[in-house]
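[1] Structural data only, the sequence is not supplied:
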């Protein structure tokens, strides 16, 4: 393939489909595991799923147009359907939603409001910057975006803001989790590896990789849109991190434990969570008087 943008689009659409499958599985696990979550959390999950599914469908249609309808056409980017910018605008909204969720989680963990408000402001500012950039260069089509030189500084600033914001989220959440992690799991290799993977996902550290890749490609591969092809991977990585964070809450282990809490506290090891649940159940049982099977009155002497 002589066009690097088209070649990158084909490869990354396949990877995007893989992450979309992971997201579908994550959504299924979430709705099965936490049916009593607040309605706004359920709506948030559905919104992210719809955005990512629509993004993948529009990109697949774009790939079909390039590879099938106009196969071998060197001027293929001049014949794209008028709906192709839709995928870019759908991609804009997913990342701020996930970042604002993590800022809210930081507030729930630390009870410090200004950090979360600063993160929300940066995320909204970056989203507005992307909308402004696309509104300025979208009229020229993909060729106009490739040849644009006036707003290159804006793209670099927006990508650097994304890296800075996500590094800040990772640092704050990691510091909190380091203070609350289980001491007993520290020296066991398997549990240590599981904990590291869980930290990477729950702090959204893995989301830094596509941002850095996009920044490097934009600076080094001028005149192409390869950097923009990483967008579908970035949004789905962030969406999977959010769902993984929700699905790794070790609460609501049984119906008798009460309503589900959305508190994004430290991730406990499963054995510790089960021990806490068993203790709470036993304490609850101590407050229930023993019942004589032959009488409806409590047994004398029961405690």
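    Noted; the coordinates are in hand. Everything numeric in this text was worked out from a predicted model, so none of it was measured.

[2] number of nearby residues for residue 220?
    10 (other C-beta atoms under 10 Å). The way it works is simple: take the backbone N, C-alpha and C, and place the C-beta from them, glycine included.

[3] Could you do residue 222 as well?
    Neighbour number of residue 222 under other C-beta under 10 Å is 12.

[4] what sits against it?
    Residues near residue 222 by C-beta atoms under 8 Å, 6 or more residues apart in numbering: none.

[5] Any stretches of the protein with poor pLDDT?
    1-2, 76-79, 81-83, 140-144, 146-148, 180-203, 250-303 (pLDDT under 70).

[6] ok, which stretches of the chain are helices?
    In the chain, the helices defined using DSSP state H lie at 4-33, 39-64, 85-110, 113-137, 141-147, 152-180, 189-202, 208-220, 226-229, 231-247, 270-286.

[7] Let me have those helices in JSON lines, extended by distance to residue 71.
    Output for the helices of the chain, formatted as JSON lines (distance: least, C-beta to C-beta, whole Å):
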{"stretch": "helix 4-33", "distance to residue 71": "10"}
{"stretch": "helix 39-64", "distance to residue 71": "10"}
{"stretch": "helix 85-110", "distance to residue 71": "20"}
{"stretch": "helix 113-137", "distance to residue 71": "27"}
{"stretch": "helix 141-147", "distance to residue 71": "17"}
{"stretch": "helix 152-180", "distance to residue 71": "30"}
{"stretch": "helix 189-202", "distance to residue 71": "39"}
{"stretch": "helix 208-220", "distance to residue 71": "25"}
{"stretch": "helix 226-229", "distance to residue 71": "19"}
{"stretch": "helix 231-247", "distance to residue 71": "22"}
{"stretch": "helix 270-286", "distance to residue 71": "52"}
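
[8] between those helices, which one is nearest to residue 72?
    Closest approach to residue 72 among these (C-beta to C-beta): helix 4-33, 11.1 Å.

[9] Show me which residues of the closest one are buried.
    5-6, 8-9, 12-13, 16, 19-20, 22-23, 26-27, 30 (16 or more other C-beta atoms under 10 Å).

[10] Also stretch 60-72?
    61, 62, 63, 65, 66, 70.

[11] again with stretch 215-227
    Those would be 215, 217, 218, 224, 225, 226, 227, for stretch 215-227 by 16+ other C-beta under 10 Å.

[12] For residue 231, state which of the buried residues of stretch 60-72 is nearest.
    residue 62 (12.3 Å).

[13] From residue 221, how far off is the closest one?
    Distance of residue 62 to residue 221, given as C-beta to C-beta, to the nearest Å: 19 Å.

[14] cool, and residue 89?
    For residue 89, the distance to residue 221 - C-beta to C-beta - is 23 Å.

[15] Could I get the buried residue list for stretch 229-247?
    So, applying 16+ other C-beta under 10 Å, buried residues of stretch 229-247: 229-246.

[16] so which of the buried residues of stretch 60-72 comes closest to residue 50?
    Closest to residue 50, out of all of those and judged by C-beta to C-beta, is residue 61, at 16.5 Å.

[17] what's the closest non-adjacent residue to residue 136?
    residue 151 (6.2 Å; C-beta to C-beta, 6 or more residues apart in numbering).

[18] dump the residue contacts of that neighbour.
    Residue 151 touches 133, 136, 137, counting by C-beta under 8 Å, 6+ apart.

[19] any idea how far residue 3 is from it?
    From residue 151 to residue 3 the distance is 23 Å (C-beta to C-beta).

[20] ok, now residue 89?
    23 Å.

[21] what do you get for residue 67?
    Residue 67 is 11 Å from residue 3, by C-beta to C-beta.

[22] go on, residue 131?
    Distance from residue 131 to residue 3, by C-beta to C-beta: 27 Å.

[23] what does residue 111 give?
    Distance from residue 111 to residue 3, counting by C-beta to C-beta: 52 Å.

[24] These two - which one has more neighbours?
    Neighbours per residue (other C-beta under 10 Å) separate residue 111 from residue 3, with residue 3 holding more: 14 against 8.

[25] My guess is residue 106 contacts residue 173. True?
    Yes - assessed by C-beta atoms under 8 Å, residue 106 is found in contact with residue 173 at 6.6 Å.

[26] these two touch, right, residue 66 and residue 9?
    Yes - the pair residue 66 and residue 9 passes the contact test of C-beta under 8 Å, sitting 7.1 Å apart.

[27] about what we covered before: closest to residue 115 among the contacts of residue 151?
    Nearest member of those to residue 115, counting by C-beta to C-beta, is residue 133, at 27.2 Å.

[28] Could you tell me how many residues sit around the closest one?
    By other C-beta under 10 Å, the burial measure for residue 133, its neighbour count, is 19.

[29] before we move on, what about residue 161?
    16.
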